[in-house]
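Novice: Following is a predicted model, sequence given first.
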Amino acid sequence: MPTPAKSKRAQPGATVPHARARKAQPTFCALVSDPIADEGLEVLRRDPAIEVVVKTEHTPQELKDAVAQADALVVRSQTRVTAEVIEAAKRLRVIARAGVGVDNVDVPAATRRGVIVLNSPEGNTIAATEHTLALLLALSRRIPEAYDSMRKGEWKRSKFVGVELYNKTLGIFGLGKIGSEVARRARAFDMRILAFDPYISAEHAERLGAELVSLPELLASSDYITIHAPLTKDTRGAIGKAELEKARRGIRIVNTARGGIVDEQALADAVKAGIVGGAAVDVFEQEPPKDSPLVGVEHIIVTPHLGASTEEAQVRVAVDVAEQVVDVLHGRPARTAVNVTPVRPEALATLQPYITLAEKMGRLQAQLAEGHVVDLEITYSGEIADLDVSAVTPSFLVGLLQPALEEPVNLVNAPVLAEARGLKIKESRSTAAEDYSSLIISRIASDRGEHVIAGTLFGRNEPRIVRLDDYRVDFAPSGYMLIADHRDRPGVIGKVGTILGNEDINIGGMHVGRKTARGKAAMILAVDSPIPPAVMKKISRLDSMYRCVLVEL
């Protein structure tokens with residue numbers, strides 16, 4: 001972990017280096033708790049702001065002790081990142097899983113703490129696809145059994161008669177990236193493809209040459225089943241004793257996804273009973289498996305979770321997550337965060353100014369609001385209405401919630417914290433944006449009233465506030481600002497300026513918004529330094545002053 005450099009006494013005749021030549025201490029610590037490819041470690045080590053600590057053997061307590069000083073945690077499948085581990089990691093910003101599945105990470109606990117969880121969903125796609133096909137062929141041609149027989153000096157050709165993939169029906173459980181690649185390759189064997197995936201459209205399946213069916217139909221109509229779904233509350237135990245009893249007689253099952261989707265005992269029993277013709281299993285409910293009913297059963301091939309274990313895949317996922325860790329630690333978005341909506345790199349350049357604007361608007365709303373905020377409506381108008389604003393609304397929530405909370409608030413946990421506080425959020429879109437190309441309008445309601453703030457961009461990247469409640473205004477939300485509701489009459493602005501001048505508080509800019517002459521108006525003064533409470537009290541006591549608030553943006 002980063003520690004202050006120890007001072008050394010200069011030896012006689014030694015040259016003491018100039019202070020500016022000394023190597024800067026790392027700002028961040030990245031703890032790598034599972035083995036990853038050296039290429040990924042090198043990405044982290046190349047950044048002078050990051051100290052890399054590799055500790056791959058640890059007890060649960062040792063992990064908690066080590067992660068307590070870490071800003072980033074990099075894991076594969078061995079480390080269990082529990083809620084207790086996350087609670088111990090007070091500095092943690094990001095958990096990176098060098099692979100696809102994140103079932104060894106308590107994602108809800110990380111989200112509540114505002115910790116980004118990211119993975120590498122595409123890095124091992126080809127490796128897992130090819131391992132699936134390898135197991136399909138090995139299972140069909142009984143290769144492991146034939147090899148074992150040959151090692152014993154036997155020559156029993158008739159014992160190992162296999163079956164062909166040609167003209168068979170393959171059922172794919174989970175038509176995501178890996179399932180889709182399996183489907184493409186299975187077509188080369190002239191297999192008929194069925195698929196079960198409630199989150200995939202029929203059009204997508206059709207493009208892959210697959211037909212979407214229900215899970216019961218998949219089991220009843222397939223000669224082979226390959227599994228490529230994540231382990232969730234919906235998929236856990238999805239294929240058990242009842243499902244296997246209704247499956248086509250002699251079906252063969254390959255699982256390279258996650259243990260727990262198929263009931264291990266039920267599968268072992270079905271193979272022994274001849275209901276299932278064979279199985280190939282790369283993943284287990286407990287890894288390494290202890291007394292698994294699948295190990296040692298004839299016609300069941302087992303491999304030790306090798307789906308992603310190719311040299312190429314290990315390099316790809318390690319480099320991918322390491323690059324994202326560097327990005328997150330330096331305040332840039334992650335490409336494949338699983339607990340925050342990712343922003344495509346090509347879209348980020350367009351969205352980033354709106355993200356900044358939304359957070360400024362949220363901070364302004366938080367400091368102007370009175371009472372307990374219960375409802376929030378954000379309207380996106382004009383050009384922004386056609387963009388993906390999934391990262392913009394959370395940015396507004398970050399600005400709205402952070403001033404009131406002690407815990408860190410970021411894009412990850414802002415929606416969760418808002419929901420926990422009973423804040424109802426509504427989004428709407430409109431093609432009309434008044435006099436602007438794009439406009440964001442935020443309306444919050446509390447038990448003491450309502451506030452409306454509208455913002456836009458000048459020159460595509462300069463945030464501007466153009467409406468405060470009923471007033472049309474125009475100011476850049478930045479630094480310290482005095483916002484005052486007052487009656488528009490001669491001398492009011494001058495008196496405020498005099499008070500600030502007497503306190504040596506410089507005014508950097510001013511704007512006044514009003515609807516009618518000598519009616520109510522809004523005064524916005526940008527000041528170079530904070531205004532002390534006693535000075536704010538003097539201003540609030542001026543004649544014609546309704547309310548004044550100092551905000552920091």
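Specialist: Received, thanks.

Novice: residue contacts, Glu164?
Specialist: Ser140 (C-beta atoms under 8 Å, 6 or more residues apart in numbering). Every C-beta, even on glycine, is put in place using the N, C-alpha and C of the backbone.

Novice: let me fix that: Thr498
Specialist: Contacts of Thr498 by C-beta under 8 Å, 6+ apart: none found.

Novice: residues of the strand or helix carrying it that come out buried?
Specialist: When elements are assigned from DSSP states H and E, Thr498 belongs to helix 492-502. Buried residues in helix 492-502, counting neighbours by 16 or more other C-beta atoms under 10 Å, are found at 492-493, 496, 499-500.

Novice: And stretch 309-325, by the same measure?
Specialist: Under 16+ other C-beta under 10 Å, the buried positions of stretch 309-325 are 310, 313-325.

Novice: repeat for stretch 385-392
Specialist: Taking 16+ other C-beta under 10 Å as the neighbour-count basis, stretch 385-392 is seen to contain the buried residues 385, 389, 391-392.

Novice: Filter the buried residues of stretch 309-325 down to just the ones in helices.
Specialist: Secondary structure assignment by DSSP state H places 313-325 of the buried residues of stretch 309-325 in helices.

Novice: Just the ones of the buried residues of stretch 385-392 in helices?
Specialist: The helices in this structure, assigned by DSSP H, contain Val392 from the buried residues of stretch 385-392.

Novice: and Leu423, how many neighbours does it have?
Specialist: By other C-beta atoms under 10 Å, the residues close to Leu423 number 18.

Novice: which residues does Lys538 contact?
Specialist: Applying C-beta under 8 Å, 6+ apart, one finds that Lys538 lies in contact with Ile499.

Novice: how close does it sit to Met545?
Specialist: Distance from Lys538 to Met545, counting by C-beta to C-beta, to the nearest Å: 10 Å.

Novice: what about the closest residue to Val409 other than its chain neighbours, distance to Ala98?
Specialist: Nearest-residue entry for Val409: Gln402, 4.4 Å, with adjacent residues in sequence omitted and distances by C-beta to C-beta, 6 or more residues apart in numbering. Using C-beta to C-beta, Gln402 is found at 31 Å from Ala98.

Novice: Which one's more surrounded, these two?
Specialist: Each of Gln402 and Ala98 has its neighbours counted (other C-beta under 10 Å); Ala98 has more, 29 against 19.

Novice: quick one, what contacts that one?
Specialist: Applying C-beta under 8 Å, 6+ apart, we find Ala98 in contact with 34, 36, 40, 74-76, 120, 123, 314, 317-318, 320-321.

Novice: Which residues does the residue nearest the centre of the chain form beta bridges with?
Specialist: With distances taken as C-alpha atoms, centre = their mean, Ala337 lies nearest the centre of the chain, 2.4 Å away. Following DSSP bridges, Ala337 is listed with bridge partners Leu118.

Novice: Now do the contacts for it.
Specialist: Under the criterion of C-beta under 8 Å, 6+ apart, the contact partners of Ala337 comprise 116-118, 412.

Novice: now Ile300
Specialist: With contact taken as C-beta under 8 Å, 6+ apart, Ile300 is in contact with 267-268, 271, 278-281, 294.

Novice: Give me the distance between it and Ala138.
Specialist: In this view, Ile300 and Ala138 are 12 Å apart by C-beta to C-beta.

Novice: in the chain, which helix or strand is least confident?
Specialist: Least confident element among the helices and strands of the chain, by mean pLDDT, DSSP states H and E: helix 414-420 (a mean of 79).

Novice: what comes up buried for that one?
Specialist: Judged by neighbour count using 16+ other C-beta under 10 Å, the buried positions of helix 414-420 are 414-418.

Novice: check contacts around Val213.
Specialist: Val213 neighbours (C-beta under 8 Å, 6+ apart): 171, 194-196, 221.

Novice: quick check, nearest of those residues to Lys90?
Specialist: Within those, distances to Lys90 taken as C-beta to C-beta reach their minimum at Phe196, with 43.0 Å.

Novice: So the closest one is in contact with Leu170, correct?
Specialist: No. Phe196 is beyond contact range of Leu170, at 11.8 Å (criterion: C-beta atoms under 8 Å).

Novice: who's in contact with stretch 134-145?
Specialist: If you take C-beta under 8 Å, 6+ apart as the criterion, stretch 134-145 is touched by 160-165, 224, 226, 252, 254, 256, 278-280, 282, 298, 301, 303.

Novice: 6 Å instead, please
Specialist: Contact partners of stretch 134-145, identified using C-beta atoms under 6 Å, 6 or more residues apart in numbering, comprise 160, 162-163, 252, 254, 278, 280, 301.
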